[in-house]
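Engineer: here is the input, now give the coordinates:
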Amino acid sequence: MSNSLIFPPHLQEGDRVIILSPSGKIDKSFLKGACKRLESWGLEVVLAKHADGSHGTYAGSIRQRLEDLQEAMDDEKAKVIFCSRGGYGAVHLAGKQDFTRFKQHPKWLIGFSDITVLHNIFQQNGFASLHAPMARHLTVEPEDDFCTLSLRNILFGNAFGEEADCGYTCAGHKLNRKGKSRGILRGGNLAVLYGLRGTPYDIPAENTILFIEDVGERPHAVERMMYNLKLGGILEKLSGLIIGRFTEYEETRSLGKDLYGALSDLVKEYDYPVCFHFPVGHVSMNVPLINGAEVELTVDKKEVKLNFNTEQ
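Structural biologist: Numbers count the residues shown, from 1 in each chain. This next block holds a predicted model:
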């Protein structure tokens with residue numbers, strides 16, 4: 001993967017967004033809600049053929065989901081590929097994309113969780129993408145929701161202008177390790193990233209500020225995955241580490257301490273900044289992050305700042 005990724009163009013009113021479901025099947029009410037929200041931004045919204053499909057736990061067969069993704073990538077008028085939800089299944093599509101037409105007409109890929117697979121594929125092919133809320137969020141959260149507005153501002157080019165506050169500020173955490181560093185922001189769901197280790201879609205460690213989150217993973221499973229990154233030489237090469245929200249698990253203290261404490265011990269030998277409890281993950285405050293953006297991470301005792309390079 002290159003350090004300099006191509007950023008798809010900003011949106012304008014009337015631009016086309018294609019909603020598809022590359023992983024799990026989705027409640028149709030969330031598709032309807034996402035359509036309504038995106039249309040309220042002045043966008044043309046197109047539902048992919050199998051967006052509301054059902055094939056076991058998936059939104060369609062592998063062939064159907066791949067067909068929807070490839071058609072969206074090839075659509076010359078579309079500016080956004082909006083993934084309706086995660087779940088599991090995007091890995092079925094790995095390595096089967098043709099980027100020939102996409103390279104002529106780049107688009108923003110939006111989603112998180114299982115969509116981390118697609119983010120890594122798009123980055124491996126040289127394109128930045130948006131780790132951001134999906135259909136359920138756009139349906140259930142209010143119009144003035146911070147993450148929804150942030151997503152809209154990034155897409156329309158209003159977030160990182162010279163006058164804007166180009167990034168996020170959040171509260172500090174007792175385990176944070178102070179420091180300042182620059183690098184390329186990359187990351188997503190830890191279990192998905194772990195599943196791509198050793199493949200062409202593994203993320204490069206050098207010059208990377210890595211962000212991770214997960215849901216429903218037991219603490220020892222999270223620690224095991226992090227040890228893989230440690231023993232594989234990934235953690236030592238990073239420029240910074242952002243530990244997001246780990247949710248829907250039982251804190252049994254099976255590691256002898258809580259999960260954050262165990263992760264803090266695991267990375268204590270490195271000298272780059274580390275922050276905990278950053279607002280990214282399976283939570284309502286899931287701020288949009290640009291995979292492939294140049295960022296500056298500043299971790300102080302009282303707050304954490306993640307600022308984006310405004311010249312992209």
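Engineer: who touches residue 64 in this structure?
Structural biologist: Contacts for residue 64 (Cβ atoms under 8 Å, 6 or more residues apart in numbering) come out as 49, 50, 53, 55. Placement of C-beta: from N, CA and C, glycine included.
Engineer: quick check, residue 136 in a helix?
Structural biologist: Yes - under DSSP: H, G, I helix; E, B strand; the rest coil, residue 136 falls within a helix.
Engineer: which residue ranges of this protein form strands?
Structural biologist: 16-20, 44-47, 78-83, 108-111, 129-131, 167-171, 179-189, 208-215, 240-247, 274-276, 289-291, 294-299, 303-308 (DSSP state E).
Engineer: centre of the chain versus the third one, how much separation?
Structural biologist: Right, the one you point to is strand 78-83. On the basis of Cα atoms, centre = their mean, to the nearest Å, strand 78-83 sits 14 Å off its chain's mean C-alpha point.
Engineer: so what are the sheet partners of it and their directions?
Structural biologist: Sheet pairing here is set by DSSP bridges, and for strand 78-83 it gives strand 16-20 (parallel), strand 108-111 (parallel).
Engineer: out of the strands of the chain, nearest to residue 60?
Structural biologist: The closest of the strands of the chain to residue 60 is strand 16-20. By Cβ to Cβ, the value is 9.4 Å.
Engineer: tell me the mean pLDDT for that closest one?
Structural biologist: Mean pLDDT, strand 16-20: 98.
Engineer: from residue 151, how far out is the nearest residue to residue 155 once chain neighbours are set aside?
Structural biologist: Spatial nearest neighbour of residue 155, chain neighbours left out: residue 11 (4.7 Å); criterion: Cβ to Cβ, 6 or more residues apart in numbering. Residue 11 sits 11 Å away from residue 151, going by Cβ to Cβ, to the nearest Å.
Engineer: these two: which has the busier surroundings?
Structural biologist: residue 151 (25 against 20; other Cβ atoms under 10 Å).
Engineer: let me see the contact set for that one.
Structural biologist: 110, 130, 132, 133, 288.
Engineer: who does the second one form a beta bridge with?
Structural biologist: This means residue 130. residue 110, residue 290.
Engineer: that one: how many residues sit nearby?
Structural biologist: Burial of residue 130 is recorded as 25 neighbouring residues (other Cβ under 10 Å).
Engineer: and it, what pLDDT?
Structural biologist: 98.
Engineer: that one touches residue 154, doesn't it?
Structural biologist: Yes - between residue 130 and residue 154 there is a contact at 6.7 Å, judged by Cβ atoms under 8 Å.
Engineer: contacting residues for the residue nearest to residue 139 when sequence neighbours are not counted?
Structural biologist: Closest residue to residue 139 apart from its sequence neighbours, by Cβ to Cβ, 6+ apart: residue 33 at 2.6 Å. Residue 33 makes contact with 135, 136, 138, 139, 140, according to Cβ under 8 Å, 6+ apart.
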